[in-house]
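Trainee: 3D, please:
(chains A and B)
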Amino acid sequence: MYSQYISVLIFIFSSLLSNCNVNSQRLKESMYENIDGSYACFRRLNGTHQFGCTSARSGNVGVVHIIENQSDVDWLVKDALAPPYVAVVQPAMFSKSLLLSLQTSEKVNGVAVINNGFVERPESFTHEDSCPNRYSGLSLRLGQTCGIQEQSVWNPSGTSILLMDWKFPIFYVTDQSQIDHLYNCYRKHNVVTHPADQLDRALCALELRSHMFASGNSKKCIQRNSYKTLFSQMSFCDPLGGRNVWQTLLPRSTKKEFSLRTEKQMDSNGSIAVLAARMDSNSMFDGLVPASVGAVTSIVTLIATAELLQKMISQSDSYENNVLFLLLSGESYDYIGSSRIVYDMKQGIFPVIPDPSVAQPPPIGLHHIGPFIELSQLSRPKPGESLHVHRLNASTETNKLISNLQRYGKHWDILFKDLPPSKNLPPASLQTFLAEKPDIPGIILTEHPMQYTNRYYHSVFDDINNLNFKYANGSQVPDDSIQSFLTNLTNTLANSLFEHVSGKPYPGAALADPALVDELLYCYLEQSNCSLFQSAGNSISPAKPLSYYVGVSHVPTPVPVLSGSALALLTGSPTSYNETYCHNNVSTDQVYQYIWASSKWNDSASPKVCLQTTMNFSAAVSPAFVIEGYDMTSGQYSTWTESVWPELTAKLFIKPSFRQEVMTLSLGITVLVLSFAGVLFIKVRKEILFSPGASTEDERAPLIATQAVGQVLC
Amino acid sequence: MDLSKVKDDRKLEICRWYYKGGWAFLPFLWAVNFVWFYKDAFQRPPFEEQKQIRGYVIFSGIGALIWSIALTTWIIIFQKYRVEWGSVGDELTFLIPSGSL
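Mentor: The predicted structure follows:
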């Protein structure tokens, strides 16, 4: 009979238990609401310091407090009584002084920046240094060049928030419905007339999780990466880096049969012109790094120029000189890409490690570099205003280069203002080359004179709206648009570079195609699954704007891949190989790459063809991580690393009131104390409570005991 | 095991084993030995094995004490100076704390 009871009891208990499990899952889900569409600030390190944000391992929890004006800040810092808080701010309020006052108040456990896209854009929003890459580039050779002796700084609105170590997590929320939800929750639960009222009620709270594994500096975390414990090896941080894209206008080869230039295999000093642009940008938040002015305009101009020059070059002629196109990665972080190229050039291993048994491009050294044009921070100047030319030295080569640009520019309605040569060059990859060889005839073309006109440098606001771009989609491109300006600039650059290559002006009629510039801008700014990128053989990526953060060196990022394939598509020459034979064969031919792509860039459904191209990639990993035993504190090369993190999540939930929490805890402690007292009480009176005559075999014993307890308790 | 039901000769055997085991860098055995057999060694009326048990208990107690002083000292030094020692500190660390020095 008892066994039946027991089985029934077990059944009830187990069904209760399983119900509990299901319920607790649902309960958890209904308690927390994930805030999707949020981006987190993360930790980055260099050879000496750590920067960015982190949360505690299990996340930081804080009561939501929306800051819309200074009085909200004062309330939070001075009056608030239910810490910790998470401050929710609009971009216009997000400033260094606000963050510092929140941090020193010690009441704030996190910050959420909200932007639903409809708020007015702040006057400026740039959290980079006022002198970006202050300690690298020419500074290594000439000492500090930016912002000294009352000279202006390049990024005057720069707050340097990006280069500070924050004790709390910072999230950026863009999803409209989540922001509405946050506001509703805040208004319903948290708005009180008196601060003490918050102690009495359940409050709307945020849990921000962005715990960072790395700490200290790159040297320490790289060392920690290599420690093996008994059970596992943990990764703390990864070097920043990626891939540079490079291409020569004319093929160069150590073996004659692979090159068009059978007559002349050796490049003379100064014969290779360089057209360079950076491919990366930066912002505080992971996954949200637009770069309209910061990189896209320069990349697009470079690709369009390469395409036009390829059309200008006649296959039958032989040319004295060449052009090297460089798209560089990691330049926002102390010139990772360019410093690696310069390092490789000094070692004689750029673009590839020499191997006599294989046809490959011969090494390019710094002495081969002739005119060097870098495109940086390009946008359409105001009517009547000019682009600005920055240079270190006034040499005959640079004079000639500038006068060529000015001459062709006049034709294409682009003015170039030649600024006086100065040691204070804007942040640019050219600085890395000049630091090694100051007599390179290099210039930097920018839209700005001595200060950035881009008020959103290295920030989430350097997006499509910052450039005022409207996709023409095949229709006529307006004359006053960014597309038409970049097309004109492409014509100017291509004609100037052609003159360098052939020694005489271009006699033909080839022109840059505004539709191509339009499409390229669309691909880079709006839709990375555009038809041009698809034509170049890329698989369809999700339809969203690209992120231009350099990333970590061992994980490929889309921008270099897409840029390289676009260059190959637009400049490659068709071959007769079919799909099976359309692949690289590095053991015999390193001169060319082969890609299987559409025959027309504006029609991804057009017949496929095997394109032969000189486009290739080179490692953009700082020499600091290549040189054995490099001193991470020397400052010579970029030492930036990114911390590893397990998750980046933001959750909204209702936190019980402080009084309720105190009540629950006290109740728990009381029950604990009472149960101890009860056990002690029973133990002391065990002789009375449990009949000494009753043996354990006696079936009545439990009954007697229960009755006895009942009697005692009553 | 209920020690009160164990005979004295068996107690001596256990006490000796714990004492010997402690020499294998297992101070916790000594500490346990000291606590378990303290009453037998000092508070019970004299019995045959008591003298030997007392010896082992005293040695175990002293050993455990020395160990605990040494360990406490090392733990304090290690926790205080681990960060300062830099990479040496990290190499001595079994579980590296994530997100802090």
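Trainee: tell me which parts of chain A are close to chain B?
Mentor: A:54, A:57, A:211-216, A:220, A:223-224, A:227, A:229-230, A:234, A:236 (C-beta under 8 Å from any C-beta of the partner chain). Every residue, glycine included, has its C-beta placed from N, CA and C.
Trainee: identify the farthest-apart pair in those residues.
Mentor: The distance between the two most remote of these (C-beta to C-beta) is 26.8 Å, for A:54 and A:230.
Trainee: when the two are compared, which one has more neighbours?
Mentor: residue A:54 (27 against 5; other C-beta atoms under 10 Å in any protein chain shown).
Trainee: residues in contact with the closest residue to residue A:462 other than its chain neighbours?
Mentor: Distances taken as C-beta to C-beta, 6 or more residues apart in numbering or on different chains put residue A:456 closest to residue A:462, at 4.4 Å, once the chain neighbours are dropped. The contact partners of residue A:456, by C-beta atoms under 8 Å, 6 or more residues apart in numbering or on different chains, come to A:121, A:124-126, A:293, A:462-463, A:466.
Trainee: which element, helix or strand, includes residue A:456?
Mentor: Using DSSP states H and E, residue A:456 sits in no helix or strand.
Trainee: now residue A:277
Mentor: Residue A:277 belongs to strand A:272-278 when elements are defined using DSSP H and E.
Trainee: same thing with residue A:152?
Mentor: Per DSSP H and E: residue A:152 is located in neither a helix nor a strand.
Trainee: what's the neighbour count on it?
Mentor: Neighbour count of residue A:152, defined by other C-beta under 10 Å: 12.
Trainee: distance check, it against chain B.
Mentor: As defined by C-beta to the nearest C-beta, to the nearest Å, residue A:152 lies at a distance of 38 Å from chain B.
Trainee: so which elements touch the helix or strand where residue A:101 lies?
Mentor: Per DSSP H and E: residue A:101 is located in helix A:96-105. Packed against helix A:96-105, as judged by 3 or more C-beta pairs under 8 Å, 6 or more residues apart in numbering or on different chains; DSSP states H and E, are the following elements: helix A:70-74, strand A:85-89, strand A:108-114.
Trainee: how about the stretch 551-700 of chain A: which residue is closest to chain B?
Mentor: Nearest residue of the stretch 551-700 of chain A to chain B: residue A:643, at 8.0 Å (C-beta to the nearest C-beta).
Trainee: and the longest strand for chain A?
Mentor: Counting by DSSP state E, the longest strand found in chain A is strand A:603-613.
Trainee: which elements pack onto that strand?
Mentor: helix A:531-535, helix A:558-571, strand A:573-575, strand A:593-600.
Trainee: what angle sits between the longest one and strand A:603-613?
Mentor: Right, helix A:558-571. Orientation check (axes from the mean of the first three to the mean of the last three C-alpha atoms, to 10 degrees): helix A:558-571 against strand A:603-613 gives 80 degrees.
Trainee: what pLDDT does residue 56 get?
Mentor: Went with chain A since none was named. According to the prediction, residue A:56 has pLDDT 95.
Trainee: let's do chain B instead
Mentor: Residue B:56 is given a pLDDT of 95.
Trainee: and for it, nearest residue in space, chain neighbours not counted?
Mentor: Residue B:56 sits nearest to residue B:19 (C-beta to C-beta, 6+ apart), 4.2 Å away.
Trainee: list the buried residues of stretch A:142-161.
Mentor: Across stretch A:142-161, burial judged by 16 or more other C-beta atoms under 10 Å in any protein chain shown covers A:142, A:145-147, A:153-155, A:157-159, A:161.
Trainee: number of nearby residues for residue 101?
Mentor: Chain wasn't specified; assuming chain A. Number of residues near residue A:101 (other C-beta under 10 Å) recorded here: 16.
Trainee: chain B was what I was after
Mentor: Counted with other C-beta under 10 Å, residues neighbouring residue B:101 total 15.
Trainee: could you do residue A:690 as well?
Mentor: 15.
Trainee: how about the residue of the stretch 1-150 of chain A found nearest chain B, secondary structure?
Mentor: Ranked by C-beta to the nearest C-beta, the top residue of the stretch 1-150 of chain A for proximity to chain B is residue A:54, at 5.6 Å. Under the three-state scheme (DSSP: H, G, I helix; E, B strand; the rest coil), residue A:54 adopts coil.
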